[in-house]
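**Q** Kindly return the folded structure for what I paste below:
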Amino acid sequence: MQKIDMLVRDARLIVPGQQQAGGGAAVAIDNGMVLDIGGGALCERYAPAQVLDAKGMYLVPGFINTHDHLFQVLTKGLGKERPLWQWLEGTIRQMTPYMDEEALYYAALAGCMENLRSGVTTMLDFQYCHSHAGQFDAVCQAFRDCGIRGYVGRIRHTGDYLGLSKVPKESTQDYFAAVDRIHRAMEDPAMLDVALIAPGMPGLFDDPYFSPGFFREIRLCAEELSIPYTQHLVETVDDDAYITAKTGMTSVEYLDKEAFFGPRCILAHCVKMAEPDFAVFRRHEVKVSHNPVSNMLLASGVSPVRRFLEEGICVSLGIDGSGSNDGQDMLETLKMACLLQKVSALDAQALTAAQTLELATLGGAQALNRADLGIIAPGKRADFFLYNPAVLKSAPVADPVASLVYCSGESNVHTVVVNGKVVLEDGAFPCLDEGKVIEQLIRCAEKVRAASGIMSR
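**A** Prediction:
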């Protein structure tokens, strides 16, 4: 018998793109990879160091969250009933100058844990808060400590944070050198790596630190290092209003002229698309991260997901930060993504449950250019969760894919495995003290709110 790290037995395997699940499956896992899949007889061929009994449960490929701001866990529940820029200026930008390294660590750790609880095994964090030294490293450490796979975005340091920034401003050369240094220092880039963050459009030319050619250099750096690069784009009408007034072009036209777009580009939101934009996206194979809960809460609008899919443009799902989502629940994101397309199109088939599951798995893998993620198959990464259907939220389950999208919550996520290692077991984190994390998070959030005076406004 061949010795392996893990064997999952008696699972009902859910495969994105298929409506029903196959039962009685066994999955052999070794060195973080899926080695073999078969029926009960497969169990006789392997001697596993660990066995997961999945009887009565579904094995689901791990979800991939392609847009988040983990530091915003500190701002959960604040600044509500405001559109994007009022919320951003009145809440986020008032609090970020007071978020130190410790605060970001506990915010990121709590956010990662909540992602895991909702079936996320890989995420891309858009870490644009840099008011204190060590914040980027703190977020990376949170990823390592909870065992989630992902990328942490690194923005160029140019913000003054109400004049309170403790971080020196960077030149373009310093920024790319820092990204290169971070990437090369990562012990396992397949598990954790850096991503590049491009500046937003409103206010771009008013920033004295912006220089022509920067967008093209971001793309070239990402291609050289084989890492993602990401940007907020046309989340509201403000992007095009600003750029058109300055250049006579739309945001997409301007970025196309600047040679910014490419297959490693992940664009968050993409709500206010102009008709010519779709052809540009398709030509450059850019990827879209759809963030339905955030778009609804800030009243930004509805991203044209069905049109993207019809055009052959890759769409993935993002939870977005807890400031504009008020949670880190990917199962909620799946349901909202599906329902939002239906109601906006007045078409119950505008986006199906099966299609939504594909966005959260294979769509995320394609967005990150990770052919090793998004599905459970030999040669792929062993990233998955066991879905327990026998809870009040979902029972009774007839169609597992429909139940997963429409009738599920954190209580359904029984066990989560990332890179062949159990990071959540029977609803508990085996290597983390959840109560202590919550206690420290609350303490840090209270400290930030007190320092910023946000609750007195």
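
**Q** I'd like to know the average pLDDT value across the longest strand seen in the chain.
**A** Across the chain, the longest stretch assigned as strand under DSSP state E is strand 2-13. The average pLDDT for strand 2-13 rounds to 97.

**Q** ok, it: who's next to it in the sheet?
**A** Next to strand 2-13 in the sheet, as set by DSSP bridges, lie strand 22-30 (antiparallel), strand 46-53 (parallel), strand 58-61 (parallel).

**Q** and the last one, how far from the chain's centre?
**A** Read that as strand 58-61. From the chain centre to the centre of strand 58-61 is a distance of 19 Å (CA atoms, centre = their mean, to the nearest Å).

**Q** again with the first one
**A** Centroid separation between strand 22-30 and its chain, computed with CA atoms, centre = their mean, is 27 Å.

**Q** Could you identify the helix or strand that succeeds that strand?
**A** strand 33-38 (DSSP states H and E).

**Q** Outside of that following strand itself, which residues are in contact with it?
**A** With contact meaning CB atoms under 8 Å, 6 or more residues apart in numbering, strand 33-38 is reached by 4, 13, 25-29, 42, 45-46, 376-382, 420. Heads up, the C-betas are built off the backbone N, CA and C, glycines and all.

**Q** Just the buried ones from these?
**A** 4, 13, 25-29, 42, 46, 376, 380-382, 420 (16 or more other CB atoms under 10 Å).

**Q** The spatially closest residue to residue 434 that is not a sequence neighbour - how many residues pack around it?
**A** Leaving aside its chain neighbours, residue 434 sits nearest to residue 113 (6.9 Å; criterion: CB to CB, 6 or more residues apart in numbering). The number of residues packed near residue 113 is 24, by other CB atoms under 10 Å.

**Q** A helix includes residue 113, no?
**A** Yes: secondary structure assignment places residue 113 in a helix (DSSP: H, G, I helix; E, B strand; the rest coil).

**Q** Figure out the helix or strand that the closest residue to residue 189 other than its chain neighbours lives in.
**A** In space, and not counting its chain neighbours, residue 189 is closest to residue 183: 6.9 Å by CB to CB, 6+ apart. Using DSSP H and E, residue 183 maps to helix 172-185.

**Q** Buried residues in that helix, which are they?
**A** 175-176, 178-179, 182-183.

**Q** For that helix, name the packing helices and strands.
**A** Under the contact definition 3 or more CB pairs under 8 Å, 6 or more residues apart in numbering; DSSP states H and E, helix 172-185 sits against strand 149-154, strand 192-197, helix 214-225.

**Q** who touches that helix?
**A** Counting by CB under 8 Å, 6+ apart, 136, 154, 156-157, 170, 189, 193-194, 196, 211, 214, 217, 221, 225, 227 sit against helix 172-185.

**Q** if you set the cut-off to 10 Å instead, what comes out?
**A** 136-137, 140, 152-158, 168, 170-171, 189, 193-197, 209-211, 213-214, 217-218, 220-222, 224-227, 229 (CB atoms under 10 Å, 6 or more residues apart in numbering).

**Q** I'd like the distance from the longest strand of the chain to the chain centre, please.
**A** When C-alpha coordinates are averaged (CA atoms, centre = their mean), strand 2-13 and its chain have centres 28 Å apart.

**Q** Equivalent analysis for stretch 278-285, please.
**A** So, by CA atoms, centre = their mean, the centroid of stretch 278-285 is 22 Å from its chain's centroid.

**Q** For the residue most central in space within the chain, give me the pLDDT.
**A** For the chain, residue 65 is the residue whose C-alpha lies nearest the centre (CA atoms, centre = their mean; 2.6 Å). Residue 65 is assigned a pLDDT of 99 by the prediction.

**Q** distance between stretch 64-72 and the chain's centre?
**A** That offset, for stretch 64-72, works out to 5 Å (CA atoms, centre = their mean).

**Q** still on that earlier bit, list just the nearest of the buried ones among the contacts of strand 33-38 to residue 131.
**A** residue 381 (34.6 Å; CB to CB).

**Q** For the closest one, which non-adjacent residue is closest in space?
**A** residue 372 is the one closest to residue 381 (CB to CB, 6+ apart), at 4.9 Å.

**Q** mind exporting the biggest helix by length in the chain as CSV, just the C-alpha atoms?
**A** Secondary structure of the chain per DSSP state H: the longest helix is helix 434-452. Output of helix 434-452 as CSV, limited to C-alpha atoms (Å, rounded to 0.1, in the frame of the first residue of the first chain):
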residue,chain,number,x,y,z
GLU,A,434,-11.0,31.9,18.0
GLY,A,435,-12.1,33.6,21.2
LYS,A,436,-8.8,35.3,21.7
VAL,A,437,-8.8,36.5,18.1
ILE,A,438,-12.2,38.1,18.6
GLU,A,439,-11.2,39.6,21.9
GLN,A,440,-8.1,41.2,20.3
LEU,A,441,-10.0,42.4,17.3
ILE,A,442,-12.6,44.1,19.4
ARG,A,443,-9.8,45.8,21.5
CYS,A,444,-8.0,47.0,18.4
ALA,A,445,-11.2,48.3,16.7
GLU,A,446,-12.2,50.2,19.8
LYS,A,447,-8.7,51.8,19.9
VAL,A,448,-8.9,52.9,16.3
ARG,A,449,-12.5,54.3,16.7
ALA,A,450,-11.4,56.2,19.8
ALA,A,451,-8.3,57.7,18.2
SER,A,452,-10.2,58.7,15.0
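
**Q** Check which helices and strands it is in contact with.
**A** If you count contacts as 3 or more CB pairs under 10 Å, 6 or more residues apart in numbering; DSSP states H and E, helix 434-452 packs onto helix 93-95, helix 101-117, helix 135-146.

**Q** which parts of the longest one are buried?
**A** Within helix 101-117, the residues that qualify as buried by neighbour count (16+ other CB under 10 Å) are 102-117.

**Q** Give me the angle between whichever strand or helix holds the residue nearest to the centre of the chain and strand 149-154.
**A** Under the criterion of DSSP H and E, residue 65 resides in strand 63-68. If you take axes from the mean of the first three to the mean of the last three CA atoms, to 10 degrees, strand 63-68 sits at 10 degrees to strand 149-154.
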